[in-house]
Every structure is written in structure tokens, then in C-alpha cells.
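J.: let's see this in three dimensions:
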Amino acid sequence: MADLSVDFCGIKSPNPFWLASAPPANGAEQVLRAFDAGWGGAVWKTLGNPIVNVSSRFGAVDYGLSKVIGFNNIELITDRPLETNLKEIQAVKKRFPKHAVIASLMVETRAEWKELIKRCEDSGADGLELNFGCPHGMCERGMGSSVGQEPAVLTEITSWAKEFATTPVLVKLTPNIGDITEPGAAAVAGRADGLSLINTIKSLVGVDLERLVPVPRVGPWSTNGGYCGPAVKPIALHMVAALARDPRVKIPISGIGGISTWRDAAEFIALGSTSVQVCTAVMVHGYKIIEDLCEGLSNFLDERGMTLAQLRGSAVGNYREWGELDLNYKVVAKIDPKLCIGCQKCYTACLDGAHQCIHTNAGPCRAWHGAPDHGRAPRLEASPAVLHTAPGEPAALRVPVVDEHECIGCNLCALVCPVDGCITMAEVPHEGGTECWNDRVAAGRTKVPGGLWE
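T.: Presented below is the predicted three-dimensional model:
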């Protein structure tokens with residue numbers, strides 16, 4: 001079994017899976033159960049001056065039969081007394097001394113930061129996470145994302161924390177910003193030891209059409225909240241990767257955003273994360289998912305003969321800007337007639353939403369009937385559809401045919417196909433070498449008169 005233990009800027013935990021600062025880490029009773037289940041660490045629900053929450057406070061986006069692909073909340077920081085939280089942090093560390101317990105903090109003044117940091121460290125917290133990401137409620141009070149969106153302020157408050165702290169200081173970044181590398185660099189300028197991202201995305205997830213009020217509804221009104229869950233994973237991966245590539249940001253990253261499976265976690269780690277934090281998946285499925293997370297990640301590493309350290313950042317070098325991509329590389333779609341069920345989803349998607357290169361036995365793509373060729377080579381007549389009958393099926397199924405000469409390798413057909421492995425994208429060999437857009441710019445070949453390169 002692979003060794004999953006991690007050292008995040010001096011904070012050690014038996015595995016990289018931490019509870020994010022949120023309802024699943026709201027108190028000792030919960031965190032103790034999580035650690036008993038196998039979680040490696042927890043970032044305590046944000047401490048500060050206790051607030052009053054509203055009811056209701058959660059909303060979700062469902063899609064088809066999938067529940068909660070996106071999750072929205074208008075909940076604020078802890079509404080429990082600070083003394084209670086600090087005593088519970090101490091109790092958790094006493095029972096689980098080898099697990100990571102991070103105190104998430106959010107206050108306003110320099111004096112408040114100094115006092116809260118000392119009290120959290122006295123309670124035994126292994127590190128501090130400065131919450132500069134909350135996009136609702138607290139930002140209106142000059143905290144949360146209002147700090148994360150102002151690099152100069154972020155640097156100053158981070159420097160305060162570093163002045164007062166004896167434990168590692170993590171800065172939690174907001175995604176509600178144009179360029180995530182700017183607050184990342186600002187945190188480094190403030191001498192942060194590590195970064196956590198992403199926090200939630202400012203959002204409205206729907207409208208109650210009976211009452212004409214956005215959700216979640218608080219009486220006759222609502223407000224924007226923070227969006228998280230599986231739907232935000234692509235945004236989180238992009239931002240983690242952007243920071244991992246930035247030469248100004250050479251500090252550990254704790255990845256957050258839509259992590260539900262071990263594969264999600266492995267992707268975050270491959271893009272530079274040392275630890276990963278989970279919230280929505282626990283709220284929906286409970287703490288027991290940690291068993292699958294640890295087992296899946298361990299098996300993945302063992303099957304490939306890798307260590308966790310070798311996986312970390314292994315995909316960062318393969319993430320490039322668009323202008324660096326090879327324009328001569330090409331793939332085309334291949335349909336396996338033995339697996340095809342004749343649903344024709346690929347044909348419809350290609351015809352109406354892509355590049356009209358998949359045909360049925362009805363003949364050539366009707367979108368080109370009478371249409372100009374726009375400088376393209378003449379389109380060949382589509383091949384007759386291949387017919388086959390699967391065992392036990394009474395009628396033959398129509399299998400679409402790919403016109404490989406016209407296929408531009410966009411992947412849409414493979415993405416909409418309901419049968420795994422039925423449509424694959426095959427690489428087309430070429431002898432032209434590699435050439436990217438930046439090469440063409442450097443050579444002065446950037447104009448396209450008549451549809452041809454100069």
C-alpha cells in the first residue's frame with residue numbers, strides 16, 4: 001500500500017485528505033468522527049467574532065438524475081463561541097496528535113489578528129488558514145473576498161499574521177478575481193507559508209418560480225452565495241495549475257474545489273497540490289467516503305509504481321498556453337461498429353454542433369447541399385452505413401461513418417457517445433514537425449488571405 005502521508009510546510013498528516021473549513025469541520029464531535037473514519041486533517045470552520053446565520057442557507061444545482069452537481073451556500077463563519085471552539089481544538093489535538101488541525105481565521109483589525117492567532121496556537125492548532133475568500137456576508141464587512149481581491153491589503157494582513165504566528169500560515173484565495181496569480185504573488189510577498197484554493201464562487205443557483213425569489217430563500221428575499229461542488233472543479237484545477245506554474249509562487253498548495261473521488265484528488269495533486277480539502281462531497285455522502293479516497297489513490301500509485309511525491313506536480317509541465325500548442329498535431333474520430341448501439345447521437349452533435357463530418361446511410365451531410373465549399377476540398381460522398389446485429393437483437397443497427405478527410409478532431413462525438421470506448425480519437429501521423437502559433441508569429445506568418453497561410 002502506498003505511503004499517503006504528507007508534510008505541508010511542516011504540518012504533517014497521515015494522508016493528504018483534509019476537511020475544508022465548512023460545516024463538516026464545525027466542532028470537535030464532527031472532527032473526531034472524521035478522524036476516526038480516516039481523514040488526515042481538518043481546517044476548522046472559520047473562527048472570528050461569532051455571527052448570526054440565516055435560515056434557509058443552502059441551494060443546489062441538479063442535472064438530470066444527478067443530484068447536487070453544484071452547491072450554493074449563504075452561511076457565514078462560526079456562530080459558536082470562540083472559547084468553545086478553542087477548547088474543542090485542544091481536545092481534538094490531544095486525541096489525534098498526528099493529524100493536522102488547522103484554524104481558519106477571519107477578523108478585521110491588527111489587534112484582533114494578534115489576539116486570535118495567539119489563542120489558536122495556544123489551543124494546539126498546527127497551523128493557520130487566513131480566510132480571504134468568502135464571497136458573501138463577510139466581504140460586505142471588509143473581510144473575506146474583499147481582502148482576497150485587493151493584493152496590497154492581502155499582503156499587509158498576511159504580514160501581520162506572519163509577525164504574530166509561530167506556526168505555518170496558509171492564505172485561502174478567492175476565485176472571484178481576474179488573475180489568480182496576482183493574489184497568489186501577494187500572499188508570497190506577505191511571507192505566507194502556503195496557499196489554499198479555491199474558495200467558493202459568487203453565484204445565484206436558481207429562482208423559485210412560484211414565489212419569484214432566488215434560492216435559497218430567506219422569507220421573501222435571497223442573496224448571492226458561494227458556489228462549490230463538482231461543477232467548480234474545472235475552475236479550481238485551472239487556478240491551482242496557474243499558481244503551480246508561476247515562478248513567483250513557490251510555496252505549497254492545498255487544492256480545493258469539487259473533489260469527490262480519488263481521481264479528482266489525483267488530478268489536483270498532479271497539478272501541484274500537496275494536500276486536498278473536501279467539503280461538498282462530505283456534506284452529501286458523509287465522512288465514510290474517505291475509505292474510497294485513500295484506497296483509490298493508493299491503488300493508483302501502486303499500479304504505476306509511483307510515490308505521492310512523484311505524482312505531485314507531474315502534470316504541471318504539460319500545461320501550456322494556447323500559443324505553444326502544436327498546430328500540426330491531428331486526431332480523427334474512429335467508430336467501433338461492434339460497440340455502436342445506433343443511437344446516432346454523434347451524427348446529430350457533429351451535424352448541428354460541430355463540423356459535419358459524420359454521416360449515416362442517408363448519404364452526404366445535408367448541411368452541405370447547395371452550400372459553397374469555402375475553399376475546402378470537395379466533399380466525398382458518404383460511405384454507406386455499416387450494418388451489424390448484436391446477439392439477441394432483432395434488427396440491424398445503423399452505424400454512422402466518419403469522413404476522416406473532413407474530421408478536425410474536436411472530440412465532440414466521443415464526448416456525447418453513451419458507450420465507453422465506442423468512439424476513440426486516433427492520432428494521424430504527419431511529417432511536418434511541430435509548429436505552434438508563437439512560431440508563426442515569430443516568422444511573420446499571421447495573416448490568412450483567401451483562407452491560406454502566407
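J.: near R211, how many other residues are there?
T.: If you count neighbours by other C-beta atoms under 10 Å, R211 ends up with 12. (C-beta placed from N, C-alpha, C; glycine too.)
J.: correction: the previous question concerned R191.
T.: 14.
J.: with V213 instead?
T.: With other C-beta under 10 Å as criterion, V213 counts 15.
J.: likewise for M425?
T.: 16.
J.: got the phi and psi for the residue lying closest to it once chain neighbours are set aside?
T.: Closest residue to M425 apart from its sequence neighbours, by C-beta to C-beta, 6 or more residues apart in numbering: V331 at 4.1 Å. Phi and psi for V331, reported as degrees, to the nearest 10, are phi -130, psi 150.
J.: can you check L197 too?
T.: When quoted as degrees, to the nearest 10, the phi and psi of L197 stand at phi -170, psi 150.
J.: quick one: I117 is in a helix?
T.: Yes. Membership of I117 in a helix is supported by DSSP: H, G, I helix; E, B strand; the rest coil.
J.: excluding chain neighbours, what is closest to it?
T.: In space, I117 is closest to F164, 4.6 Å off (C-beta to C-beta, 6+ apart).
J.: what pLDDT is listed against that neighbour?
T.: F164 carries a pLDDT value of 98.
J.: that one: what's it in contact with?
T.: 113-114, 117-118 (C-beta atoms under 8 Å, 6 or more residues apart in numbering).
J.: now, which of those residues sits nearest S254?
T.: Nearest to S254 among the contacts of F164 is I117, at 18.8 Å by C-beta to C-beta.
J.: residue contacts, the nearest residue to E406 once chain neighbours are set aside?
T.: Among residues not flanking E406 along the chain, C357 sits closest, at 3.9 Å (C-beta to C-beta, 6+ apart). C357 sits next to 333, 350, 365, 402-404, 406-408 when contact means C-beta under 8 Å, 6+ apart.
J.: for F300, see how far away the residue nearest to I117 is.
T.: 40 Å (C-beta to C-beta, to the nearest Å).
J.: domain map for this structure?
T.: 6-318, 324-443 (automatic domain parsing).
J.: weakest of those by average pLDDT?
T.: Ranked on mean pLDDT, the bottom entry among these is domain 324-443, at a mean of 79.
J.: ends of it, how far apart?
T.: Start-to-end span of domain 324-443 (C-alpha to C-alpha, to the nearest Å) is 14 Å.
J.: now do stretch 114-130
T.: OK, stretch 114-130 end separation, C-alpha to C-alpha: 13 Å.
J.: and if you look at stretch 157-175?
T.: Stretch 157-175 has its terminal residues 19 Å apart, counting by C-alpha to C-alpha.
J.: how far is that stretch from where the chain is centred?
T.: Distance, stretch centre to chain centre, for stretch 157-175: 23 Å (C-alpha atoms, centre = their mean, to the nearest Å).
J.: pull out the buried residues from that stretch.
T.: Neighbour-count burial for stretch 157-175, with 16 or more other C-beta atoms under 10 Å as criterion, is recorded at 157-158, 160-162, 164-165, 167-175.
J.: ok, now stretch 214-227?
T.: The neighbour-count check on stretch 214-227 (16+ other C-beta under 10 Å) flags 214-216, 222, 224-227 as buried.
J.: give me the contacts around that stretch.
T.: When contacts are defined by C-beta under 8 Å, 6+ apart, stretch 214-227 is touched by residues 54-59, 70-74, 134-136, 199-208, 211, 213.
J.: so which of those belong to strands?
T.: 58-59, 70-73, 201-203, 207-208, 213 (DSSP state E).
J.: G194: which of the contacts of F164 is nearest?
T.: Nearest to G194 among these, with distances taken as C-beta to C-beta, is I117, at 15.7 Å.
J.: could you pull up the contacting residues of that closest one?
T.: Residues in contact with I117, defined by C-beta under 8 Å, 6+ apart, are 105, 128, 161, 164-165.
J.: just give me the closest of the contacts of C357 to A266.
T.: A266 lies nearest to A333 out of the contacts of C357, by C-beta to C-beta, at 27.4 Å.
J.: so the closest one lies in a strand, does it not?
T.: Yes. Checked against three-state DSSP, A333 lies within a strand.
J.: what is the burial count for G142?
T.: Neighbour count of G142, defined by other C-beta under 10 Å: 10.
J.: that should have said A125, apologies.
T.: A125 has 28 neighbouring residues, counting by other C-beta under 10 Å.
J.: same question, G38
T.: Using other C-beta under 10 Å, the number of residues around G38 comes to 17.
J.: quick check: closest non-adjacent residue to it.
T.: Nearest to G38 is I290, by C-beta to C-beta, 6+ apart, at 4.3 Å.
J.: measure the one you found to V31 for me?
T.: For I290, the distance to V31 - C-beta to C-beta - is 13 Å.
J.: of those two, which one has the most company?
T.: Counting neighbours by other C-beta under 10 Å for I290 and for V31 shows that V31 has the greater number, 28 against 21.
J.: ramachandran angles for the more buried one?
T.: phi -60, psi -40.
J.: got it, and G258?
T.: phi 80, psi 20.
J.: can you count the residues close to the residue nearest to P50 when sequence neighbours are not counted?
T.: Among residues not flanking P50 along the chain, D79 sits closest, at 5.4 Å (C-beta to C-beta, 6+ apart). By the criterion of other C-beta under 10 Å, D79 has 12 neighbours.
J.: can you list contacts of the longest helix along the chain?
T.: Taking DSSP state H as the criterion, the chain has its longest helix at helix 289-304. Under the contact criterion C-beta under 8 Å, 6+ apart, helix 289-304 has outside partners 1-2, 4, 15-17, 34, 37-39, 260-263, 265-266, 278, 281-282, 307-308, 311.
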